[in-house]
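Enquirer: okay, structure incoming, though there's no sequence with it:
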């Protein structure tokens with residue numbers, strides 16, 4: 001699935017679950033099969049009763065999710081604690097290059113990798129009124145191409161966050177009459193690849 005198709009289809013999706021299914025589809029094309037979306041602030045608006053905060057929706061291995069919350073990892077997980085202060089996507093295995101991780105946090109990432117979350121990255125999503133969410137992506141198999149597609153994944157994450165949140169808040173207006181022109185699709189593609197206007 002191309003990014004322009006993801007934008008069009010997610011804009012016309014009928015539910016948050018439909019938007020997440022589309023996210024899984026486009027990420028699969030990038031070799032990414034493990035996804036977690038969380039709200040680091042204002043978690044209550046998402047009414048996520050399946051998971052503890054900050055998780056909203058995810059497809060991580062169930063054993064890892066259970067282990068994560070049973071050990072209160074959300075209290076020390078660098079993705080949870082450090083993302084509010086970050087603006088750009090980042091690789092988990094490179095966090096220690098710019099931020100001094102504790103031994104506990106390094107062990108946490110090693111455990112996540114053993115659980116099947118390899119070559120992970122996270123995209124900070126800053127919204128109005130200081131709201132912060134994060135989309136984390138990983139692969140069951142080694143995937144060393146993620147860094148090369150940061151721009152594309154950033155665009156996908158922003159679109160997903162906007163549409164998913166609008167659905168949850170009940171302000172999503174599905175309109176099948178909105179279509180992107182070929183030139184608009186091309187502009188989005190170049191923007192996703194980091195080109196300026």
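Expert: That came through fine. Remember, it's a predicted structure, so these values are computed and weren't measured experimentally.
Enquirer: mind checking how far the most centrally placed residue in the chain is from residue 182?
Expert: When CA atoms, centre = their mean is applied to the chain, the residue found nearest the centroid is residue 135 (1.8 Å). Distance of residue 135 to residue 182, given as CB to CB, to the nearest Å: 28 Å. All C-beta spots, glycine's among them, are computed from the backbone N, C-alpha and C.
Enquirer: with residue 99 instead?
Expert: Distance from residue 99 to residue 182, by CB to CB: 42 Å.
Enquirer: with residue 46 instead?
Expert: For residue 46, the distance to residue 182 (CB to CB) stands at 35 Å.
Enquirer: looking at the protein, which helix is longest?
Expert: Determined from DSSP state H, the single longest helix within the chain is helix 150-169.
Enquirer: how about that helix: buried residues?
Expert: By 16 or more other CB atoms under 10 Å, the buried positions in helix 150-169 come out as 150-157, 159-168.
Enquirer: check stretch 36-52 too.
Expert: By 16+ other CB under 10 Å, the buried positions in stretch 36-52 come out as 36, 37, 38, 39, 40, 41, 43, 46, 48, 51.
Enquirer: low-confidence ranges in this protein?
Expert: Per-residue confidence for the chain (pLDDT under 70) gives these ranges: 172-178, 197.
Enquirer: the helices in it, which residues?
Expert: Ranges of helices in the chain, per DSSP H, are 3-11, 16-29, 62-70, 78-82, 95-98, 103-114, 150-169, 182-192.
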